[in-house]
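Colleague: need a structure here:
(one chain, ligands or ions: 2)
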Amino acid sequence: MPICCRDEARNPARSRPSAWLRRDRPPNLEAILSRRALITGITGQDGSYLAEYLATQGYEVYGLVRGQQNPRVRQLRQLLGEVRLIRGDLLDQGSLISAVERVQPDEVYNLAAISYVPMSWQQAELTADVTGLGVLRVLEAIRVCSGISASRSPGRGQIRFYQASSSEMFGMVRESPQTEQTPFHPRSPYGVAKAYGHFLTQNYRESYGMFAVSGILFNHESPRRGAEFVTRKISLGVAKIKLGYERQLRLGNLSARRDWGFAGDYVRAMHLMLGQDEPVDYVIGTGVTHSVEDLLDHAFKVADLDWRDHVVTDAAFIRPAEVDKLCADPSAAREHIGWEPKMAFEELIAMMVEADLELLSSGGHAEESFGDAW
Ligand code: NAP
Ligand code: G4F
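Modeller: Ligands and ions are numbered 1, 2, ... in the order given. Predicted coordinates:
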């Protein structure tokens, strides 16, 4: 029997969708009312935004959660009244087959991964297993449950699959900005595992005719971002310094450049990609790149501080191999699926710093920030 923790309890505190998606009402609710989505990685940053977004689009949303006592489940329930949770793990093929069988989804979004790049050097094999082979297990669960084989293609109404690919696959970039045609040169075990998942998704599309796509997403952030990633580390650091809890912020490479956007904008792209007539992969980013130093400038200015008075570089945060600069060319996504980011870098960073100032001044901790107003 599959293990299932279906939770249909509604949270009375959440009668309205979060502020970031109030303008995203569905164009034709009736047409998609009965659609079901299964999200792996629902307790992560993107999973929470995607679940909220799909719920406003009329979907029945199911999320895969792992572990016996996953502390993020409580936070998720506070945030999302209507989500249904199924136990499962990307390391466990049987649990994924059970989840797909039980939910009978129209769409599967595979967002689960070990996503913190430095951890992928410390636990390279685990990263390969979860972030790489995990994609194989989810695709196999869909294939087996749909009765697809080399001689039996999917029928109409097949399950559509989204894979969370990453700009980290471009690594040591061959050209700038990066497009769907730019070759990969990953620089971390995480990037290598993502490249495996990316090519496997393409292979299942070509081998079995499955509707399987990858979004090559550039860095996207929010007040729900994990505290280990540089944007959130900085927004929390600014808040702690401003409130007098700390005086210093220790960071690694300040000259690295990233194309940073808002996570709420990027989950719309995932949904649009599964709504296409044909399965096609897209690069998703803003097309604007900033250095970590630019990020520090903006973040500290929001709190009327100068980062040069507080930031210390620490070799402990320098990576064995760095991705120096990433910048997306999102023109294909704009042209073919009509996706554009709505929030600019400056607004994003100000929002994150202000959210952390509010969180810490009201006695909260970074780990509790998942149920924020955004
Ligand atoms: P995140 O916040 O780190 O969330 C990762 C999720 O994966 C969590 O829900 C975690 O669940 C789950 N997970 C980890 N190991 C698992 C396992 N063995 N079985 C099942 N679930 C497992 O990541 P994110 O920022 O939302 O990113 C979502 C996806 O997009 C990831 O695949 C990431 O690699 C990719 N991506 C992210 C970005 C970005 O800038 N955010 C850019 C490109 C691609 P627990 O709560 O149980 O730990
Ligand atoms: O915030 P980061 O840790 O993100 P990174 O490595 O770009 O990865 C994120 O984006 C990828 C998409 O490109 C995702 F696939 C991945 O899952 C993740 O979401 O680091 C950004 C940059 C790096 O160049 C890093 O060296 O910031 C630099 N940095 C400088 N000091 C630091 C620090 N990063 C972290 N995490 N901590 C520091 O102290």
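
Colleague: Mind checking which residue lies nearest the centre of the protein?
Modeller: residue 46 (3.6 Å; Cα atoms, centre = their mean).

Colleague: surely that residue meets residue 263?
Modeller: Yes - counting by Cβ atoms under 8 Å, residue 46 does reach residue 263; the two are 5.8 Å apart. C-beta here means a position set from N, CA and C on the backbone, and glycine is covered the same way.

Colleague: which residues are common contacts for those two?
Modeller: residue 220 (Cβ atoms under 8 Å, 6 or more residues apart in numbering).

Colleague: Tell me which residues touch the residue nearest to the centre of the chain, please.
Modeller: Counted by Cβ under 8 Å, 6+ apart, residue 46 has contacts 111, 164, 220, 263, 266-267, 270.

Colleague: This structure against ligand 1: which residues are in contact?
Modeller: Counting by Cβ under 6 Å from any ligand atom, the chain comes close to ligand 1 at 40-41, 43-47, 66-67, 70, 72, 89-91, 111-115, 130, 164, 166, 217, 219-220, 226.

Colleague: ok so, going back, now do the SS call for the residue nearest to the centre of the chain.
Modeller: The three-state assignment at residue 46 reads helix, by DSSP: H, G, I helix; E, B strand; the rest coil.

Colleague: So for it, what's the pLDDT?
Modeller: At residue 46, the model reports a pLDDT of 98.

Colleague: again, but for residue 152
Modeller: 88.

Colleague: what about it, neighbour count?
Modeller: When neighbours are counted by other Cβ atoms under 10 Å, residue 152 registers 11.

Colleague: So in terms of bridging, what pairs with residue 251?
Modeller: Applying DSSP bridges to residue 251 gives these bridge partners: residue 313.

Colleague: list the contacts for it?
Modeller: 230, 233-234, 292, 311-314, 317.

Colleague: need the longest helix for the chain.
Modeller: helix 189-208 (DSSP state H).

Colleague: That one and ligand 2, are they touching?
Modeller: No - judged by Cβ under 6 Å from any ligand atom, helix 189-208 makes no contact with ligand 2; its nearest approach is 6.6 Å.

Colleague: Which strands or helices does that helix pack on?
Modeller: When contacts are defined as 3 or more Cβ pairs under 8 Å, 6 or more residues apart in numbering; DSSP states H and E, helix 189-208 packs onto helix 119-122, helix 124-127, helix 134-146, strand 160-166, strand 212-217.

Colleague: Tell me how many other residues crowd the residue of the stretch 101-250 of the chain found nearest ligand 2.
Modeller: Relative to ligand 2, the nearest point of the stretch 101-250 of the chain is residue 166 (3.1 Å; Cβ to the nearest ligand atom). Residues lying near residue 166 (other Cβ under 10 Å) number 26.

Colleague: now the one 3 residues further on
Modeller: Residues contacting residue 169 under the criterion other Cβ under 10 Å number 27.

Colleague: Would you confirm that the residue of the stretch 101-250 of the chain closest to ligand 2 contacts residue 217?
Modeller: Yes - judged on Cβ under 8 Å, residue 166 makes contact with residue 217 at a distance of 6.3 Å.

Colleague: Flag the helix or strand of this protein with the lowest per-element mean pLDDT.
Modeller: strand 4-5 (a mean of 34; mean pLDDT, DSSP states H and E).

Colleague: Nearest residue to residue 320 in space, please, no chain neighbours.
Modeller: residue 121 (5.7 Å; Cβ to Cβ, 6 or more residues apart in numbering).

Colleague: The one you found and residue 322, how far apart?
Modeller: 12 Å (Cβ to Cβ, to the nearest Å).
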